[in-house]
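>>> Have a look at this prediction, sequence included:
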Amino acid sequence: MSTVSSLRGWPDLKFGCGFVAAGLLLVSAGMAFGSGSLRSPWDGAPVKAMEASYACPAVAHLPVDFVTDGFYALNDPTHSIVDPVRMKAYAESAGPVKRDGNEVVAAADAYRTTGSMAAARCAVAHIEANARSRSLTGKMSSNQAYYVQGWVLGAEAIAYLKVRDSGEISREQAAVILPWMKQVARQARDYYDEKEKKDGASSLNNHDFWAAVELAAVGIAANDRSDFDWAMTAAKGGIRAIRPDGTLPLEMRRGKRALHYHLYAAAPLVMLAELGLPNGVDLYAASDGALKRLVRVSTAGLVDPTFFEKSAGIQQEVPVPPTAEAIGWARPFNRRFPDATITKLLGESSGLSYMYLGGLPPE
């Protein structure tokens, strides 16, 4: 029996009747694309189905409670110096969770690029297994645990959006998957709402933008306007913080990784702009086009980091060639706002697929 068919046959022992009923209500909203439905960049872009084989990795069993911690040196106020011992511990604890995210987005992208129905079934099987196991719905041990939780759920929610028109998600599967996604997303909202209440809106940084990607993707998948609006509000707050020179004050404090963190903040904001446009929200135009300034100054830093070195007062880390993390996210931006520097960097990049953004960016 295949992994997918065995998953479809699982009894729903871990979910109460109320949970399943709520899931079926979400399915009614999230699987039908009416005039009021939230849409993704992949909706309405048909894929020619092929029965090509796909080597689906074994389904992982991710933890309910998640224990991991950060990897920067504890005495480093810029959070830019990696502690090798802490990094090793982080890689060991977070590695399996992030690996599942990578496997899910790879399968979803294989479906989008090749039409492989086996790949679509693989992505759904992994997401369904996580939902049935209530993965990552328990206690998060640290700030870093919340970050990883959000990256992986956001990635898998985007993967879900990429395959939801494949016909490979049954109503029963969606009734399990969507409530799980919303439960994890609710934890993120609570965590970041409490953080903002404590530290104020001026504390918005790249982590808030990544959480917004998670909430936007889940909101679209479940047709939940509240989650989607939360994400758009966070994105607009981040965009308002962009200064006239295109920089973000909190990311400029990151020492030798100031350039890295500007790119790392631009990436989720561009994805949020792409998720917003099909739903009538133009983040590219927000705050007098501030996001365009952030993208252009950040990507220019990959060619010549002098501006960031002067501003941060230290030599910057620059990936050569540019990685998917550093530049892959800029493809949809460059399609809308062609830029010679970005075109060159995309051509030199070692890849375009980045798990935190759900794999390959929108076409």
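Nice, I can see it.
>>> ranges for the helices of the stretch 101-250 of the chain?
With helices called from DSSP state H, counting those that start in this stretch, the stretch 101-250 of the chain shows them at 117-132, 143-163, 171-199, 206-222, 225-240, 249-252.
>>> three-state assignment of the nearest residue to residue 324 once chain neighbours are set aside?
Among residues not flanking residue 324 along the chain, residue 351 sits closest, at 4.1 Å (CB to CB, 6 or more residues apart in numbering). C-betas here are computed from N, CA, C, even on glycine. With DSSP: H, G, I helix; E, B strand; the rest coil as the basis, residue 351 sits in coil.
>>> picking that back up, just the helices of the stretch 101-250 of the chain: most buried one?
helix 206-222 (a mean of 28; mean count of other CB atoms under 10 Å).
>>> CA atoms of that one as CSV?
Extracted in CSV, the C-alpha atoms of helix 206-222 (Å, rounded to 0.1, in the frame of the first residue of the first chain):
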residue,chain,number,x,y,z
ASN,A,206,12.2,40.4,9.8
HIS,A,207,10.7,37.8,12.2
ASP,A,208,7.4,39.6,12.1
PHE,A,209,7.5,39.6,8.3
TRP,A,210,8.2,35.8,8.1
ALA,A,211,5.3,35.2,10.5
ALA,A,212,3.1,37.3,8.2
VAL,A,213,4.0,35.0,5.3
GLU,A,214,2.8,32.1,7.4
LEU,A,215,-0.4,33.9,8.3
ALA,A,216,-1.1,35.1,4.8
ALA,A,217,-0.6,31.6,3.3
VAL,A,218,-2.8,29.9,5.9
GLY,A,219,-5.4,32.7,5.6
ILE,A,220,-5.6,32.1,1.8
ALA,A,221,-5.7,28.3,2.2
ALA,A,222,-8.5,28.4,4.8
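>>> by contact count, what packs against it?
Helix 206-222 is packed against helix 17-30, helix 143-163, helix 171-199, helix 225-240, helix 258-276, with contacts defined by 3 or more CB pairs under 8 Å, 6 or more residues apart in numbering; DSSP states H and E.
>>> least reliable of these going by mean pLDDT?
For these, mean pLDDT drops lowest on helix 17-30, to a mean of 55.
>>> Output the lowest mean pLDDT helix or strand found in the chain.
Lowest on mean pLDDT, DSSP states H and E among the helices and strands of the chain sits helix 3-8, with a mean of 36.
>>> wait, isn't the residue nearest to residue 324 in contact with residue 328?
Yes. Between residue 351 and residue 328 a contact is recorded at 6.4 Å, counting by CB atoms under 8 Å.
>>> Show me which of the two is the more surrounded one.
residue 328 (22 against 13; other CB atoms under 10 Å).
>>> Could I get the contacting residues of that one?
Contacts of residue 328 were listed using CB atoms under 8 Å, 6 or more residues apart in numbering, and they are 346, 349, 351, 352, 353, 354, 357, 360, 361.
>>> could I get these as a markdown table with pLDDT and distance to residue 214?
A markdown table is the format used below for the contacts of residue 328 (pLDDT from 0 to 100; distance: CB to CB, whole Å):
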| residue | pLDDT | distance to residue 214 |
| --- | --- | --- |
| 346 | 98 | 25 |
| 349 | 97 | 24 |
| 351 | 93 | 22 |
| 352 | 96 | 21 |
| 353 | 98 | 18 |
| 354 | 98 | 15 |
| 357 | 98 | 11 |
| 360 | 98 | 18 |
| 361 | 97 | 16 |
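>>> Right, I'll call it a day here.
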